[in-house]
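Engineer: sequence first, predicted coordinates after that:
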Amino acid sequence: MIYSTLLLGAALASSASAACTREQLIAATDAYITAQAAGDPAMPALAENVTYLENDAPMDITTGVLSQAITIDFNRSLHDSVECATFTEISAATNAEPYVIATRMLFTDDKITTIQSVVANNGDWAFNATGQLYWTKTENWDPIPEDQRDSRDVIKAAGDAYLDSWGDGTVKVPYGSPCARLEGGSYTGRVGSTANTCTMPQFPSAFKIENRRYVIDEEVGGLDIFNDFPFIDADKPDGTSSTNFFRIEGGMIRYIHETTICTNPNCGR
């Protein structure tokens, strides 16, 4: 099988062209989890010329983290049948080398044409796989009753407002009560709490979060935004690889997970 190692910006920014079903996407994320656990990237729906990236760097899929057998302690996925895309968060705290892996897959004609992963381990921002695993397992991401689900626009707007607020303190973010943020392995909430603990402080200088790529799943109020996070890593002022994973309920943010990559331990902070 020939694998493309070229970064095709247009492929990442644009929507997949073919229609897909939720059932197909669920089968694909199940296959992805199986592949990562086995360290065998030869998934059934993989396109011959798949584009594969880790932390925004194109690479050969046969040499990346997907080729390593990893002990997966927990996983959670979103399935976006409008954009033919999926998102999966993997918690691998008990693996020999702990990881938290966030993966976005894009599909065309029932084939996986792009796999993009944010692969976090020791030294990345606030990384603590044990804490991440503990807290993510306490959260409720059950399907939302159909008559109570938010539209795609509402879900997307909530996540965008959160990212916009980092560089502009005047942006109103629809935080819920409760709202909890899992940043690396650090959690702002507590089990049973009804407080909003997601509010971010104003950063010292204005900036914009660029290169946003979305996966939206109305059934669970889920949103993931791959993005380039400036400011945090001095060695990558234009932005380091990051992902923000949200649960939206009634138009309000309930959970936020952030995974951010650092070039130096804890981004030099």
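Structural biologist: That came in fine, so what should we check first?
Engineer: is residue 82 in a helix, a strand, or coil?
Structural biologist: At residue 82 the chain is in coil, as set by DSSP: H, G, I helix; E, B strand; the rest coil.
Engineer: so it touches residue 151, yeah?
Structural biologist: No - the criterion here is CB atoms under 8 Å, and residue 82 misses it with residue 151 at 11.2 Å. Where you see a C-beta, it was placed from the backbone N, CA and C, and this is true even at glycine.
Engineer: just the helices in the protein please.
Structural biologist: Assignment of helices within the chain using DSSP state H yields the ranges 9-13, 22-38, 129-138, 152-167.
Engineer: and residue 75, which of those helices is closest to it?
Structural biologist: In terms of CB to CB, the element of the helices of the chain nearest to residue 75 is helix 22-38, at 5.5 Å.
Engineer: per-domain residue ranges of the protein.
Structural biologist: According to automatic domain parsing, the chain comprises the domains 18-120, 146-268.
Engineer: so for residue 126, which of those domains sits nearest?
Structural biologist: With CB to CB as the criterion, residue 126 lies closest to domain 146-268 of those, at 2.7 Å.
Engineer: export the domains of the chain to JSON lines and tack on mean neighbour count?
Structural biologist: Shown next, in JSON lines, are the domains of the chain (neighbours: other CB atoms under 10 Å):
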{"stretch": "domain 18-120", "mean neighbour count": "19"}
{"stretch": "domain 146-268", "mean neighbour count": "18"}
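Engineer: of the ones you listed, which is nearest residue 137?
Structural biologist: Nearest to residue 137 among the domains of the chain is domain 18-120; the distance by CB to CB comes to 5.8 Å.
Engineer: so residue 129 makes contact with residue 97?
Structural biologist: No - judged on CB under 8 Å, residue 129 makes no contact with residue 97 at a distance of 9.5 Å.
Engineer: which residues do these two both contact?
Structural biologist: Taking CB atoms under 8 Å, 6 or more residues apart in numbering as the criterion, residue 129 and residue 97 both touch residue 121.
Engineer: pLDDT score for residue 9?
Structural biologist: You'll see residue 9 listed with a pLDDT of 40.
Engineer: just the one 10 residues further on next, same as before
Structural biologist: In the predicted model, residue 19 carries a pLDDT score of 80.
Engineer: next: residue 232.
Structural biologist: 88.
Engineer: excluding chain neighbours, give the residue nearest to it in space.
Structural biologist: Spatial nearest neighbour of residue 232, chain neighbours left out: residue 267 (5.1 Å); criterion: CB to CB, 6 or more residues apart in numbering.
Engineer: I figured that neighbour hits residue 240, correct?
Structural biologist: Yes - applying CB under 8 Å, one finds residue 267 in contact with residue 240, separated by 7.3 Å.
Engineer: shared neighbours of these two, anything?
Structural biologist: Jointly contacting residue 267 and residue 240 under the rule CB under 8 Å, 6+ apart are 232, 233, 260.
Engineer: redo those residues as TSV? Include distance to residue 46.
Structural biologist: TSV is the format used below for the shared contacts of residue 267 and residue 240 (distance: CB to CB, whole Å):
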residue	distance to residue 46
232	33
233	32
260	28
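Engineer: what about those residues, which are in strands?
Structural biologist: Among those, the members found in strands (DSSP state E) are residue 260.
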